[in-house]
Structures are given as structure tokens and as C-alpha cells.
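> Turn this into a model:
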Amino acid sequence: MALLFETRASDSPWIDTVWTCTSEHVTEMTSVAAVSWGLVFSEHEGRSYASVTGPETGTGTAPVPEGATFVGIEFALGTSLRAVSTPALVDGGVQLPDATRATFRLDGARYDSPGPDDVEALVHRLVRAGAIIHDPLVTDLRRGHHAFVSDRTVERRFRAATGLTQSAVRQIERAREAATLLSTGVPAIGVVSKLGYFDEPHLARALRRYIGRTAQQLREVSGGAIALALDQRTTS
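Predicted coordinates for the structure are as follows:
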């Protein structure tokens with residue numbers, strides 16, 4: 001069984017990651033915690049779908065239709081949809097109506113469904129139309145800049161823009177980085193030291209909560225299909 005993931009970065013300040021995926025002999029996968037909202041376009045058995053996905057605060061199990069293909073956009077932290085607040089999307093999402101192989105509908109307008117190389121052009125059109133907005137305070141915080149407003153205002157605006165607290169974002173991002181390191185062969189003690197976990201049990205708890213895998217499963221690429229761009233050649 002396999003989920004064949006490919007990811008790439010983007011030069012757009014509105015986009016964090018562009019990804020594609022094909023499912024082969026997979027009926028379900030482990031979903032993992034994620035800090036970003038996204039757009040996902042999929043095809044299966046001649047039908048096309050488009051959806052908005054929200055940030056995920058934990059791990060779970062999700063069905064995967066065999067032979068489906070996906071194109072996904074993970075948006076930069078601090079961006080949001082004009083029509084749907086990001087807090088309303090946390091641990092959920094919205095299926096967009098009237099999606100076809102060629103087009104989809106969002107915020108009252110119809111747009112061309114993108115291939116993996118068309119994502120930046122689509123996002124540029126969405127931004128120009130005002131369908132996607134952003135809070136510059138979040139961008140400044142992510143760059144390490146000081147916010148000249150109260151801590152309470154910072155946290156309120158951060159949560160309004162992202163649906164998450166700053167602490168939750170740090171914990172999720174750290175766990176995802178830990179999973180990547182472990183899957184490439186870095187020993188658990190090395191991950192603990194590099195990422196600032198207290199000890200290996202602390203790392204284990206974070207992996208269980210946010211990734212749904214043990215350190216050993218990540219090293220051995222075992223435990224089933226997972227919604228991360230790791231080596232997924234074997235998923236027993």
C-alpha cells in the first residue's frame with residue numbers, strides 16, 4: 001500500500017507548500033496535525049472534487065479512495081478566506097459546490113481548477129479578487145519582528161487569523177519536524193536534543209498526539225499510510 005506524495009515550496013508569499021498525491025491500494029490513512037488551511041482538488045473514478053481544509057489540532061484516521069489523485073495547496077500562516085473564518089475551519093473543512101475537472105466555485109466566483117504548476121496563478125487571481133486576505137501581524141511575528149501592540153492583542157489577532165494559539169503552532173510544527181527527522185534515520189535522542197524536547201518520553205507523547213506514530217514506526221516507515229511527505233513505500 002502507498003500514498004505517493006510529492007511536495008514543493010513556492011515563491012508566493014501566500015503559499016507554504018504545494019503537494020500532489022496518488023493513492024495506490026490504500027483505503028485509509030492517518031491524518032496528522034497541521035497549522036495551515038488549504039485547498040484540495042481531487043479526481044476519482046471520473047468525478048472531480050474541491051474542498052477547503054482547516055488546521056488540524058491532532059491526529060485521526062481518514063478514508064482514502066483507491067486510485068484517487070490530489071493537488072493540494074497549504075497556505076501561509078496568517079492568510080485566510082474572506083468568506084470563511086479560519087477558526088471555523090479548525091478540525092474540519094468545507095466541500096465546495098459544483099466542482100468539475102475544469103473549474104470550481106469559491107466565494108461566489110468560478111475559477112479554473114489548477115494542476116500542480118498552475119497553483120501560483122490561481123492564488124494570484126484569488127488574492128486579486130479579495131477572496132484570500134492576510135493579517136500582516138502574523139507574518140511579522142513569524143519573521144521574529146516585535147509587535148507594537150499588547151500581548152493580549154497579539155494572541156487575539158493570531159488566533160483570529162490562524163485558528164490556533166502561537167503555542168499550538170509551535171508544538172505542531174515541532175512534532176512534524178521531529179517526524180521528518182526520525183523518518184530519515186536521526187535517532188530519537190538526537191531529535192530530542194535538536195528540537196528541545198525534555199526527554200524521549202516527551203517526544204513520544206508529542207508524536208502520539210500530533211503524528212499518530214511512534215519513533216520506531218517512523219524510522220521503519222510502518223504503521224500504515226500517513227498524510228505526510230515521508231517515504232511511504234511500505235506501510236504495513
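> Could you name the helices and strands sitting against the helix or strand harbouring Val154?
In this assignment (DSSP states H and E), Val154 forms part of helix 151-162. When contacts are defined as 3 or more CB pairs under 8 Å, 6 or more residues apart in numbering; DSSP states H and E, helix 151-162 packs onto strand 79-81, helix 136-142, helix 166-183. Every residue, glycine included, has its C-beta placed from N, CA and C.
> longest strand of the protein?
For the chain, the strand with the greatest residue count under DSSP state E is strand 15-24.
> And the helix or strand that comes right after that one, what's buried?
Sequence-wise, the next helix or strand downstream of strand 15-24 (DSSP H and E) is strand 28-31. By neighbour count with 16 or more other CB atoms under 10 Å, strand 28-31 contains the buried residues Met29, Thr30, Ser31.
> now, which of those sits nearest Glu45?
Proximity of the buried residues of strand 28-31 to Glu45 (CB to CB) peaks at Met29, which lies at 18.4 Å.
> What separation do you get for that closest one and Ser183?
According to CB to CB, to the nearest Å, Met29 stands 15 Å off from Ser183.
> do Gly67 as well
For Gly67, the distance to Ser183 - CB to CB - is 25 Å.
> what are the pairing partners of the helix or strand that contains Leu3, and which direction each?
Secondary structure assigned from DSSP H and E places Leu3 in strand 2-8. Sheet pairing of strand 2-8 (DSSP bridges) gives strand 15-24 (antiparallel).
> what sits up against the strand it pairs with?
Residues outside strand 15-24 that contact it (CB atoms under 8 Å, 6 or more residues apart in numbering) are 1-10, 36, 64-77, 116, 119-120, 123, 225, 229.
> likewise stretch 145-159?
Under the criterion CB under 8 Å, 6+ apart, residues Pro87, Asp135, Leu137, Val138, Asp140, Leu141, Leu164, Thr165, Gln166 lie in contact with stretch 145-159.
> can you rerun that using 7 Å?
Contacts with stretch 145-159, where a contact means CB atoms under 7 Å, 6 or more residues apart in numbering, come from Pro87, Asp135, Leu137, Val138, Asp140, Leu141, Thr165, Gln166.
> Just put these in TSV and tack on distance to Asp151.
Output for the contacts of stretch 145-159, formatted as TSV (distance: CB to CB, whole Å):
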residue	distance to Asp151
Pro87	19
Asp135	16
Leu137	12
Val138	15
Asp140	14
Leu141	11
Thr165	12
Gln166	10
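> which of these lies closest to Tyr111?
Comparing the contacts of stretch 145-159 against Tyr111 with CB to CB places Asp135 closest, at 23.3 Å.
> Just to check, that closest one is in contact with Ala161?
Yes: the criterion here is CB atoms under 7 Å, and Asp135 meets it with Ala161 at 4.1 Å.
> overlap in contacts of those two?
The contact sets of Asp135 and Ala161 overlap at Gly78 (CB under 7 Å, 6+ apart).
> can you list the weak-confidence ranges in the protein?
The model of the chain has pLDDT under 70 over residues 1-2, 231-236.
> For the closest residue to Ala175 other than its chain neighbours, give me its contacts.
Leaving aside its chain neighbours, Ala175 sits nearest to Tyr210 (3.8 Å; criterion: CB to CB, 6 or more residues apart in numbering). For Tyr210, the contact set (CB under 7 Å, 6+ apart) comprises Val32, Ala33, Gly58, Thr59, Ile172, Ala175.
> Now do the buried residues in the strand holding Leu3.
Across strand 2-8, burial judged by 16+ other CB under 10 Å covers Leu3, Phe5.
> Please apply the same query to stretch 213-225.
Neighbour-count burial for stretch 213-225 flags Arg213, Thr214, Ala215, Gln217, Leu218, Arg219, Val221, Gly223, Gly224, Ala225 (criterion: 16+ other CB under 10 Å).
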